[in-house]
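Novice: model this:
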Amino acid sequence: MKKKILMLGLGLSLFGTAFSQSPVPEAKLSLSQTLQYALANNESIRKALLDEKTAEYRIRETKGSGLPQVAGSGQLTVNPALPTQLLPGEIAGQPGRLIPVQFGTKYAAQGGLELQQMLFRKSFFVGLEAASTTRELYSLRTKMSQEEIIYNVSSAYLQVLQTKQQFNIIDANFNRLEQLEKILTLQYKNDVATKVQLNRVTVNKINLENQRTSLNAGLKQQENALKFFMGMPLEQPIALTDSVVVLNTQVPTNENAADIIASRLEFKVLTTQKELNKLNVKNIKAGYFPTLNGFGNYGYNAMRKEFNFLDTSQPWFNAVSIGVRLNIPIFDGFQRKNQIRQAEVEVAKVEQDLSLLTRQTQMALDNAITQMQTSLSSIQAQERNVSLAQEVYRNTNELYKEGLSPLTDVLDTEVSLREAQTNLNNERLKYQLAQLTFLQAKGELNTLTK
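Specialist: Take a look at the predicted model:
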């Protein structure tokens, strides 16, 4: 009986282990789906959204400083030795003498409430405006994080597609060499081909196998990079449903950065930062204005020779005071003046950043357009080159089969065809990445998510 129970437990354990180790289903993703997943799961975007929450709490904090502030206090004092004061003897009929007198009791207790209400503080209103601007700044930074993720994910996606295309090239050439190897094997057995010729084909085939192994490792790394930018677990298998590159941006002749700079998120961020810096100057200047606060105090205290504060027959005394407090700054040793100058320098620095951004945008636009134009011309040339290489390979292969061309010509044309196909594949990737950079420079990366 015990043996049966043991076997049953072992069977359940093995079943549970097998169930827990069941393969994770493959996620099939288009570029648009990949971007949507990244925007929902990337840690940088989540962090930016948390910063937006921080801005909301900062606004509430600033508003809270304008609400009534209430504080309670309590104190218990024990005087083992009461302080002694000297009084003139005239009050006791002893002129010319000092009479020592002790004041107070051994125990004293007091408690109270203090209320403060800001009536006027110019920096409070400036702070509210700055807090609202900070919220806008964090919102823009979130969008910038999203744009950066869109670029990184799209770039990684395109590179994975390009690598998969390279696999197709290698497989096609491998199949050609495999067919040639079969032919040579038969010819070798019939003493028509030499062992050296057969070995040369085998070597080329092995080289392609090695290339495929290296390419497979590179593909794994590229897929891991894609999943990293997406915020997806690295152990999650994925399959890209787009079999070819997907960007179709028209190649412009030229673009002027001045026409599009205002729509760039970086420009909006810098403009908002400049506004915040100006508000900082305004806030420091607000320190020259007087402040007015209302206050109220309610106190309750008692003094005892013995510790009997809970005795309700003994008296407690209360005190109430209300008033306003005016604070007028007069001279601060020029501290505030120099603080203002420092804040104004920060404003000037942002203005330089705005100028730099315009130049950077123009450079990015020009470089992207140049790369697109160059790659487009190269693609057209490489497509013709591939077509010619295929034709040369077919003709050379036919001539070889007829005994009119040596094996070396077949192998050379196969290598040339593979190089032409690889160059075309690489040029197409350059073209797509240039389009991606162009969309980034124009601030239109979000169109890829639709």
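
Novice: my guess is T447 contacts L439, does it?
Specialist: Yes. At 7.0 Å, T447 counts as touching L439 under the criterion of C-beta atoms under 8 Å. Quick note: C-beta positions are derived from backbone N, CA and C, even for glycine.

Novice: looking at those two, which one has more neighbours?
Specialist: L439 (21 against 10; other C-beta atoms under 10 Å).

Novice: so that one is in which element?
Specialist: Using DSSP states H and E, L439 sits within helix 407-442.

Novice: same for that helix, what does it pack against?
Specialist: For helix 407-442, the elements it packs on are helix 122-189, helix 195-230, helix 335-401, judged by 3 or more C-beta pairs under 8 Å, 6 or more residues apart in numbering; DSSP states H and E.

Novice: how distant is that helix from the center of its chain?
Specialist: On the basis of C-alpha atoms, centre = their mean, to the nearest Å, helix 407-442 is displaced by 32 Å from the centre of the chain it belongs to.

Novice: okay, the helices and strands packed on helix 407-442, which one's buried deepest?
Specialist: helix 122-189 (a mean of 18; mean count of other C-beta atoms under 10 Å).

Novice: now the angle between helix 195-230 and that one, please.
Specialist: 160 degrees (axes from the mean of the first three to the mean of the last three C-alpha atoms, to 10 degrees).

Novice: now helix 122-189, how far from the centre of its chain.
Specialist: That offset, for helix 122-189, works out to 16 Å (C-alpha atoms, centre = their mean).

Novice: determine the set of other helices and strands touching that helix.
Specialist: Helix 122-189 packs on helix 31-41, helix 43-64, helix 195-230, strand 238-240, helix 265-285, helix 335-401, helix 407-442, going by 3+ C-beta pairs under 8 Å, 6+ apart.

Novice: repeat the analysis, applying 6 Å as the threshold.
Specialist: Where contact means 3 or more C-beta pairs under 6 Å, 6 or more residues apart in numbering; DSSP states H and E, helix 122-189 is packed against helix 31-41, helix 43-64, helix 195-230, helix 265-285, helix 407-442.

Novice: and the pLDDT at the residue nearest to Q33 when sequence neighbours are not counted?
Specialist: Spatial nearest neighbour of Q33, excluding adjacent residues (C-beta to C-beta, 6 or more residues apart in numbering): T241 at 7.9 Å. pLDDT for T241: 88.

Novice: isn't T241 up against E26?
Specialist: No. Counting by C-beta atoms under 6 Å, E26 is not a contact partner of T241; they are 11.0 Å apart.

Novice: can you name the next helix or strand after the least confident helix or strand in the chain by mean pLDDT?
Specialist: Using mean pLDDT, DSSP states H and E, the weakest-scoring helix or strand in the chain turns out to be helix 2-20, at a mean of 40. With elements assigned by DSSP H and E, the helix or strand that comes after helix 2-20 is strand 27-29.

Novice: for G296, which three-state class applies?
Specialist: Put simply, G296 is strand when judged by DSSP: H, G, I helix; E, B strand; the rest coil.

Novice: how is this structure divided into domains?
Specialist: As given by automatic domain parsing, the domain ranges for the chain are 26-65+121-289+333-449, 71-120+290-328.

Novice: now find how far off-centre the first one is within its chain.
Specialist: Right, the one you point to is domain 26-65+121-289+333-449. With C-alpha atoms, centre = their mean, you get 16 Å for domain 26-65+121-289+333-449.
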